[in-house]
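Student: take this sequence and fold it.
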Amino acid sequence: MSNLGIAHLSSHHTAVPGFFAALNLGSRVLAANTTMPDCTAFSSLCILEYSQSRLKQERQQLPPCTTIMASTLSTRFGDAQALKACIAASYAGAKLEVQVTENAPASIFGTLTVSLLTPHCVLTEPNAAAFYFFGSSEALRPSLDQSAKVDHWLQWEAGQLRPATYRGAEALAEPLKTLEAALTASAGPFLLGTSIKLVDVCIYCSLLPVREQGGSLPAAVAAYLDKVAEEPHVQAGTKQLLGDPGGKVSLGIFTADAAAHAARLPKLPKKGQRNIMVTSALPYVNNVPHLGNIIGCVLSADCYARYCRSRGYNTIFICGTDEYGTATETKALEEGLSCAEICDKYHAVHSAVYEWFECSFDKFGRTPTRAQTEICQALFMDLWNAGNITEQTMEQLYSEAAGKFLADRFVVGTCPKCGYEDARGDQCDNCGSLMNPTDLINPRCKLTGTVPVIKSTRHLFLDLPKLSDKLQHYIDTTSQLGGWSANCVQVTSAWMRDGLKQRCITRDLKWGIPVPIDGYRDKVFYVWFDAPVGYISITANYTNEWQQW
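Tutor: Below is the predicted model of the structure:
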């Protein structure tokens, strides 16, 4: 029996199978998305899955769930979120034992939470714990035409109202407006009419600390909370937890939970403070990192991030695995896996290694994400619309044995500049010269060992010569302001002195970010066009307000 919200269900529970199967599915969905910046509470996911389950079709065929066996609720004394289960159990007439503990489990969102031990599962999300008693309560159970509305408002409570209570009056203003408007439009004193529903209980419990702090509440919301508080079962549940029907929830617990919640929120730049975003070279995902990799980039960046934090600077440390490109395809072929499978495998390896070294990332992500695709394509479209992209027909090596054009790293041969016999199609690792595959002497296909032929194909090029003047101005200014090293300035100056050339930014591959314009949709961006975007997209997966950084 696990306590990730819900993980194990006993096979003999048959009263509401669709409900519990859906809750179990919800826990798995959440487990796969715990790094999302806008964390919706577990109940939101549970109820979303529940609403899509067969329970709605089965509900009329099932006998009333009146045989819920004794359950035990472990909670901190005075926790307003624990009231949800106590009140719901009172409505259900279920036997619930409350055990006060100072060792409450931590939720995946940073706050301490409840733990409801039932004969069938362990529930650690307050709404899910209350929902357990839902089936046997005629009062709380919505009619079929109201169930979708209940689902909606329970998700709203978990995903918007509850987090806003932790963040303070400014964040709470908008959810309170939404609630006030709904109450004004209601045909009765409760959210969905004349009778109380589970959503009223959940909203009431989340707003109790705000009410007891003396926070400003709209008149309609205050009257609504008063009406819920008058309900006999609400008073009975309150008495069970607090020992008095009019007992007060603990503001100390609420304050501690608010602090824990704030600590888990993404950091944003703060006005008047020194804001520093630390990154390191994104490690490529096709290998097991060794000590040299770690010392060379990740560990040194981690040391600097720790130093910045120790000085009180508002600091975030962003990193992740670089996963697109032909190196991934090559490794996937070697191991007989798909590109996605090889990336999943080695991303997990990298994550485990850096975790062992206790690298203090605020976010360790990866490049195959929706944010990476959207931002990379948006940057390309800006360049395209500004006239900084050209179309060219180029001669490219084609493997008749493999039946496809060969990406740079699928071609090896002799470097025309230094004579190194194993130069890659994009770069010679011996002399550092950049080249095109057709520049190689005696090229051969790395996949088949055969000699490729030359065929024509259309590609897109970044017009670097057109951008040279702007780039030179940027280098002159930023190298001084940023304190670039002498070596960095020297290498950059050499590139500018020798003259920039147009660079091809598309490839005839499948593993990569698709090019979003007609005529090129069967191609992807060259990894060195999309990889630098990884710093931006990983930050975007850390916070929706990534542009502030």
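Student: can we go C-alpha only for contacts and neighbour counts from here?
Tutor: Noted.
Student: could you find the closest non-adjacent residue to P283?
Tutor: T321 (5.2 Å; Cα to Cα, 6 or more residues apart in numbering).
Student: any idea what that neighbour is bridged to?
Tutor: Using DSSP bridges, the bridge partners assigned to T321 are R366.
Student: can you show me the CA trace of stretch 75-86 as PDB?
Tutor: Taking Å, rounded to 0.1, in the frame of the first residue of the first chain, the C-alpha atoms of stretch 75-86 are listed here in PDB:
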ATOM      1  CA  THR A  75      -3.400  14.800  10.700                       C
ATOM      2  CA  ARG A  76      -2.000  17.700  12.500                       C
ATOM      3  CA  PHE A  77      -4.300  19.200  15.100                       C
ATOM      4  CA  GLY A  78      -6.200  22.100  13.700                       C
ATOM      5  CA  ASP A  79      -5.400  21.500  10.000                       C
ATOM      6  CA  ALA A  80      -8.300  23.000   8.000                       C
ATOM      7  CA  GLN A  81      -7.700  20.600   5.100                       C
ATOM      8  CA  ALA A  82      -8.300  17.600   7.400                       C
ATOM      9  CA  LEU A  83     -11.800  19.000   8.100                       C
ATOM     10  CA  LYS A  84     -12.800  18.000   4.600                       C
ATOM     11  CA  ALA A  85     -12.700  14.300   5.400                       C
ATOM     12  CA  CYS A  86     -14.200  14.700   8.900                       C
END
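Student: contact partners of it?
Tutor: Stretch 75-86 has contacts (Cα atoms under 8 Å, 6 or more residues apart in numbering) with 96, 98-104, 113-115, 126-127, 129-131, 133, 201-202, 205-206, 208-209, 237-238, 240-242, 248-250, 253-254.
Student: ditto for stretch 524-534
Tutor: By Cα under 8 Å, 6+ apart, the surrounding residues in contact with stretch 524-534 are 282, 320, 322, 324-325, 366-367, 372, 375-376, 504-515.
Student: ok, of those residues, which come out buried?
Tutor: Among the contacts of stretch 524-534, those scoring as buried are 282, 320, 322, 324-325, 366-367, 372, 375-376, 504-515 (criterion: 16 or more other Cα atoms under 10 Å).
Student: in strands, which of those appear?
Tutor: G320, R366, C504, T506, R507 (DSSP state E).
Student: wait, which of those is closest to I196?
Tutor: Within those, the smallest distance to I196 is 45.7 Å, found for R366 (Cα to Cα).
Student: pretty sure the closest one contacts A340?
Tutor: No - between R366 and A340 there is no contact under Cα atoms under 8 Å: 11.8 Å.
Student: run a quick neighbour tally on the residue nearest to F190 when sequence neighbours are not counted.
Tutor: In space, F190 comes closest to I196 once its chain neighbours are excluded; the distance is 5.9 Å by Cα to Cα, 6+ apart. With neighbours defined by other Cα atoms under 10 Å, the count for I196 comes to 20.
Student: in three-state terms, how would I196 be classified?
Tutor: coil (DSSP: H, G, I helix; E, B strand; the rest coil).
Student: hmm, it is touching C202, no?
Tutor: No - between I196 and C202 there is no contact under Cα under 8 Å: 10.9 Å.
Student: list phi and psi for the residue lying closest to Y420 once chain neighbours are set aside.
Tutor: Distances taken as Cα to Cα, 6+ apart place T414 nearest to Y420, at 5.4 Å, with adjacent residues excluded. Dihedral angles of T414 (phi, psi; degrees, to the nearest 10) stand at phi -90, psi 130.
Student: can you report how many residues neighbour T414?
Tutor: Counted with other Cα under 10 Å, T414 comes out at 20.
Student: got the contact list for it?
Tutor: With Cα under 8 Å, 6+ apart, T414 has these contacts: Y420, E421, D422, A423, L440, I441, N442, P443.
Student: which of those ranks first by neighbour count?
Tutor: Going by other Cα under 10 Å, A423 tops the contacts of T414 with 27 neighbours.
Student: in contact with it, which residues?
Tutor: Contacts for A423 (Cα under 8 Å, 6+ apart) come out as V412, G413, T414, C415, D429, N430, L440.
Student: where's it relative to V411, distance?
Tutor: Going from A423 to V411 by Cα to Cα, to the nearest Å gives 9 Å.
Student: ok so L116 is a strand residue?
Tutor: Yes - per three-state DSSP, L116 lies within a strand segment.
Student: that one reaches A129, doesn't it?
Tutor: Yes - in this structure L116 lies within contact range of A129 using Cα under 8 Å: 6.1 Å.
Student: joint contacts of these two?
Tutor: L123.
Student: where do the helices of the stretch 51-200 of the chain begin and end?
Tutor: With DSSP state H, counting those that start in this stretch as the criterion, the stretch 51-200 of the chain has helices at 55-58, 83-92, 126-132, 147-156, 162-167, 169-185, 198-212.
Student: give the buried residues for the second one.
Tutor: Read that as helix 83-92. Quick answer for helix 83-92 (16+ other Cα under 10 Å): L83, K84, A85, C86, I87, A88, A89, S90, Y91, A92.
Student: what's the angle between that helix and helix 198-212?
Tutor: 140 degrees (axes from the mean of the first three to the mean of the last three Cα atoms, to 10 degrees).
Student: mind listing what's buried in the helix or strand where A327 lies?
Tutor: Under the criterion of DSSP states H and E, A327 resides in helix 326-335. Neighbour-count burial for helix 326-335, counted by 16+ other Cα under 10 Å, picks out T326, A327, T328, E329, T330, K331, A332.
Student: dump the residue contacts of the second one.
Tutor: If I follow you right, that is A327. N286, R409.
Student: mind redoing it with 7 Å?
Tutor: N286 (Cα atoms under 7 Å, 6 or more residues apart in numbering).
Student: circling back to that earlier point, closest one of the contacts of A423 to Y224?
Tutor: Among these, D429 lies closest to Y224 (Cα to Cα), at 71.4 Å.
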